[in-house]
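>>> The amino acid sequence is not available; the structure is as follows:
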């Protein structure tokens, strides 16, 4: 784990985009393992708390999504279940399980890289009472996913 | 882990109620640890695959709900993320995170002991395309919860 140094005069959006690139690095690790490439990082103020990437297939475990791994690791590292001072960055908009985990852990800000084409089963109007969602519209986050599925179809 | 022997001539509902009593035994373990008393068991045909109880406070971890622990353990035991041949029994209707994990792991039947008073953030009409939910209306599953909160208020 390393400290992420905030440069003076850099706008929030640039910081958020840098952090999304770190989540994208995590997604690349999933890609290399032939997993759907989704990556996640959790920050507390300017400190990287934890990271995770999708390991569902390689771990044979349905709960091993990037966000679940990162949230679990953040709780272990900070020694508490309440992560209300943390922000989560994930390359793909969270599924219902991960959105539930975000709300259970009281994370208030979630930045995602691209929309999820799968229809979600959560009620977004209820979600938004608990967590603010920001779409950073990062083209690389969507491209890594489309590349992955393109290659899958070829095989 | 032990095998649950199905008696000949016993109707499904009695089997389901017996399994709910096993989930209730798990909930009692949570109660003893001063955790919100929720317990869960997962069955594959007549075999008890895994069990779990809420350990959120004692593990300082927001994802340590009864169902998450049981699903994680079932995947580890069976060596696969797809639990489509399993049924889940839980003393309280699942929250959004756990409902998401149930759907991610392709569990098709969920039996719960009592309704959840907390308003859920999932869209039940979308959920029901993936999983069948059965309310077994077990009074002991609701009583252990009301007893827990009654004692909490006294303290």
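Happy to help now that I have it. Computed from a predicted structure; not experimentally measured.

>>> correct me, but residue A:132 touches residue A:109?
Yes - here residue A:132 reaches residue A:109: they are 5.2 Å apart, a contact under Cβ atoms under 8 Å. For glycine as for every other residue, the C-beta is placed from the backbone atoms N, C-alpha and C.

>>> okay, the two: which has more neighbours?
residue A:109 (15 against 12; other Cβ atoms under 10 Å in any protein chain shown).

>>> Nearest the geometric middle of chain A, what residue?
residue A:90 (2.0 Å; Cα atoms, centre = their mean).

>>> How about the secondary structure of that one?
Per DSSP: H, G, I helix; E, B strand; the rest coil, the secondary structure class of residue A:90 is strand.

>>> if I read this right, it contacts residue A:115, doesn't it?
No - when contacts are counted by Cβ under 8 Å, residue A:90 is not listed as touching residue A:115 (12.0 Å).

>>> Helix or strand for residue A:16, just tell me which one.
Assessed by DSSP states H and E, residue A:16 sits inside helix A:12-32.

>>> Do you have the helices of chain A handy? List them.
Assigned by DSSP state H, the helices in chain A fall at A:12-32, A:66-78, A:96-104, A:124-127, A:139-154.

>>> Highest mean neighbour count out of the ones you listed?
Neighbour counts (mean count of other Cβ atoms under 10 Å in any protein chain shown) averaged over each of the helices of chain A peak at helix A:96-104, with a mean of 27.

>>> now for that helix, which elements pack on it?
If you count contacts as 3 or more Cβ pairs under 8 Å, 6 or more residues apart in numbering or on different chains; DSSP states H and E, helix A:96-104 packs onto helix A:66-78, helix B:96-104.

>>> Could you list the residues in contact with the shortest one?
When contacts are taken as Cβ atoms under 8 Å, 6 or more residues apart in numbering or on different chains, the neighbours of helix B:96-104 outside the stretch itself are A:62-63, A:65, A:95-101, A:103-104, A:121-122, B:63, B:65-68, B:71, B:81, B:88, B:90, B:94, B:110, B:120-122, B:127, B:130-131.

>>> what does the lowest-mean-pLDDT helix or strand in chain A contact?
Comparing helices and strands within chain A by mean pLDDT, DSSP states H and E singles out helix A:124-127 as the least confident, with a mean of 92. Helix A:124-127 is contacted from outside by A:99, A:103, A:133, B:119, B:121, using Cβ under 8 Å, 6+ apart.

>>> for stretch A:83-97, the distance to its chain's centre please.
5 Å (Cα atoms, centre = their mean, to the nearest Å).

>>> pLDDT averaged over it - what is it?
Averaging pLDDT along stretch A:83-97 yields 98.

>>> List the buried residues in that stretch.
A:83, A:86-97 (16 or more other Cβ atoms under 10 Å in any protein chain shown).

>>> re the thing from before, tilt between the helix holding residue A:16 and helix A:139-154?
On the basis of axes from the mean of the first three to the mean of the last three Cα atoms, to 10 degrees, helix A:12-32 is oriented at 20 degrees to helix A:139-154.

>>> From the contact counts, what lies against helix A:12-32?
Short answer (3+ Cβ pairs under 8 Å, 6+ apart): helix A:12-32 packs on strand A:39-44, strand A:47-53, helix A:66-78, strand A:86-92, strand A:109-114, helix A:139-154.

>>> Give the pairing partners of the first one; include direction for each.
Meaning strand A:39-44. According to DSSP bridges, strand A:39-44 forms sheet pairs with strand A:47-53 (antiparallel), strand A:86-92 (antiparallel).

>>> average model confidence for the first one?
The average pLDDT within strand A:47-53 is 98.

>>> separation between residue A:23 and residue A:39?
Distance of residue A:23 to residue A:39, computed by Cβ to Cβ, to the nearest Å: 5 Å.

>>> intersection of neighbour lists for these two?
Jointly contacting residue A:23 and residue A:39 under the rule Cβ under 8 Å, 6+ apart are A:51, A:66, A:90-91.

>>> can you tell me which of these lies nearest to chain B?
residue A:66 (12.9 Å; Cβ to the nearest Cβ).
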